[in-house]
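# When you get a sec, could you give me coordinates for this:
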Amino acid sequence: NMVLFDAEGKVKRYNNVTEIQKEFFELCLKFVYKRKEYMIQELERECEVLINKVKYILQVRSDEFDAKASEANLLKQFIKSNYKGYPIIKKAKVAGDIEDPTESKDAQDDDDEDENDMNDNEVRKTILSDFAYLWGMNIRSLSKEQAVKLQALCDAKKKEIKELKATSPEDMLRKDLDEF
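Sure thing, here's the model as predicted:
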């Protein structure tokens, strides 16, 4: 007889090693499933970013997108062209790293027009920062060759997503255990 802590932190008596392994496998399987879903989401997001970069490069090169426009016009163009923004500032706020510039400090801020104008400007910059992965691209990276490279990367990510979706969590766990 073996006495150990189980997955819930409670003391449990096991009759043999096989019982311990079975419980460990079931617990690990839950986490492998979560990891697989997270990996798929991240790969899909990366692929979406690559697709948007290719689209942006092609639009800038064909003069469909004015990359020299003011911040307000850039934001309008991003929204009109259906680009997806990735809110870096919102993620940092959730993590507790920074305060949200769109939140007012107290009720007096709402009454002050100058403060509201500044807040609107900060909101616009916050939203525009969601598209920094596009408008922050180096001018040299706006070449047709770069668009082809990014498209190839996206195709590789799509292949990786397909392979990951086809892999069962059990196979992933077995592979992890073999590598361990």
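# And the strand or helix carrying F25, what does it pack against?
In the assignment (DSSP states H and E), F25 maps to helix 17-61. If contacts are counted by 3 or more Cβ pairs under 8 Å, 6 or more residues apart in numbering; DSSP states H and E, helix 17-61 sits against strand 2-5, helix 132-135, helix 144-166, helix 169-179. Using the backbone N, CA and C atoms, a C-beta is placed for each residue, glycine as well.
# which of the ones you listed is buried the deepest?
A comparison of the helices and strands packed on helix 17-61 by mean neighbour count, using mean count of other Cβ atoms under 10 Å, puts helix 132-135 on top with a mean of 18.
# and it, how far from the chain's centre?
Centroid separation for helix 132-135 versus its chain: 15 Å, with Cα atoms, centre = their mean, to the nearest Å.
# Let's see that helix as CSV, backbone CA atoms only.
Extracted C-alpha coordinates of helix 132-135, given in CSV (Å, rounded to 0.1, in the frame of the first residue of the first chain):
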residue,chain,number,x,y,z
ALA,A,132,1.1,48.6,-34.4
TYR,A,133,2.1,45.2,-35.8
LEU,A,134,1.1,46.7,-39.2
TRP,A,135,1.9,50.4,-39.2
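# for the protein, which spans come out with low pLDDT?
88-126 (pLDDT under 70).
# on that earlier part again, so which of the helices and strands packed on helix 17-61 is nearest F31?
Among these, the nearest to F31 by Cβ to Cβ is helix 169-179 (8.9 Å).
# what angle do the closest one and helix 144-166 make?
Taking axes from the mean of the first three to the mean of the last three Cα atoms, to 10 degrees, one finds helix 169-179 and helix 144-166 inclined to each other by 100 degrees.
# what packs against helix 169-179?
Checked by 3+ Cβ pairs under 8 Å, 6+ apart, helix 169-179 has helix 17-61 packed alongside it.
# which parts of the very next helix or strand once past the helix it packs on are buried?
Note on helix 17-61: by DSSP H and E, the next helix or strand toward the C-terminus is helix 71-80. Along helix 71-80, these residues count as buried under the neighbour rule (16 or more other Cβ atoms under 10 Å): L74, L75, Q77, F78.
# Please consider this matter closed, and thank you.
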